[in-house]
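**Q** give me a 3D structure for the following:
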Amino acid sequence: MIRLGPPLLALLLAGPALAQPKTDPDWPCVQRKVTALSPGQFWTGPDLGAAATEWGSDTDAAALAQKIASRRTDLTEVDGLVDGYLEKVGPDKAARERGLARVYAGVFEVINGERAKVMSGIGRYAQGQRRMAERIREEADQISQTKDAPSAADARELPKEQSELETKFAWDRRIFQERSQALTYVCEVPQLLEQRLGEIARKIQAKL
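**A** Residues are numbered from 1 along each chain as shown. Model prediction:
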């Protein structure tokens, strides 16, 4: 039999962190799966009821929300960008609160949407890893069976067949391991997005 060894066997059995009990068998990450975020997790400012529907029609608020929600924008730039927006809004307190609520509502929708796509992608990625793990197991069994082939005719065919099977097995195993390592980093993305959303919310609320 082909011996996969403890590290690879663990990966084949589960992928990252599947040793822990999971409510979703397709969720492979150590991080707890939180399907959807709530705006109130990060916001203690003015009510977001109207802002959630109005931000998209407020050109300035929408532009700012999309810019600061983007990971291309460094968090150190957020304060200055919000200050620039408030200069346009003017000194009226109610208008500033309404505008900032719209900005946050937009940021939340953009980041939460991006996070949802990442979460869905992680699930599909994990399913692909499971299918590849099954294929690697099958290839390992085929190699063992080929080595154990009893007949002289089979024996003459062994070198080429065995070489092809072992090459494919080694290649698939390498791909699986690389994808498993990549998945470890991908699993951090939802949490990083949550942290970004929380930090932006804090910066916006500081301007109220």
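
**Q** from residue 190, how far off is the closest residue to residue 187 other than its chain neighbours?
**A** Nearest residue to residue 187 in three dimensions, chain neighbours excluded: residue 29, at 3.6 Å (CB to CB, 6 or more residues apart in numbering). Glycine gets a C-beta too; all of them are placed from N, C-alpha and C. Per CB to CB, to the nearest Å, residue 29 is found 8 Å from residue 190.

**Q** comparing the two, which residue is more hemmed in?
**A** residue 29 (23 against 20; other CB atoms under 10 Å).

**Q** what's the burial count for residue 70?
**A** 13.

**Q** residue contacts, it?
**A** By CB atoms under 8 Å, 6 or more residues apart in numbering, the contact list for residue 70 reads residue 110.

**Q** distance of it relative to residue 207?
**A** Per CB to CB, residue 70 is found 19 Å from residue 207.

**Q** and the helix or strand hosting residue 178, how far from the chain's centre?
**A** Using DSSP states H and E, residue 178 sits in helix 152-186. Centroid displacement of helix 152-186 relative to its chain, using CA atoms, centre = their mean, to the nearest Å, is 28 Å.

**Q** packing partners of it?
**A** helix 6-13, helix 93-147 (3 or more CB pairs under 8 Å, 6 or more residues apart in numbering; DSSP states H and E).

**Q** could those go into a markdown table alongside distance to residue 182?
**A** Converted to a markdown table, these look like this (distance: least, CB to CB, whole Å):
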| stretch | distance to residue 182 |
| --- | --- |
| helix 6-13 | 12 |
| helix 93-147 | 8 |
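
**Q** look up the closest residue to the spatially most central residue of the chain, ignoring the ones flanking it.
**A** Nearest to the geometric centre of the chain sits residue 118, at 3.9 Å (CA atoms, centre = their mean). Counting by CB to CB, 6+ apart, residue 118 lies nearest to residue 189, which is 4.9 Å off, once chain neighbours are set aside.

**Q** roughly how far apart are that neighbour and residue 58?
**A** Counting by CB to CB, the gap from residue 189 to residue 58 is 29 Å.

**Q** what pLDDT does the model give residue 164?
**A** Among the per-residue scores, residue 164 shows a pLDDT of 75.

**Q** same check, this time on residue 185
**A** Looking at residue 185, its pLDDT is 86.

**Q** residues near it, how many?
**A** Residue 185 has 8 nearby residues by other CB under 10 Å.
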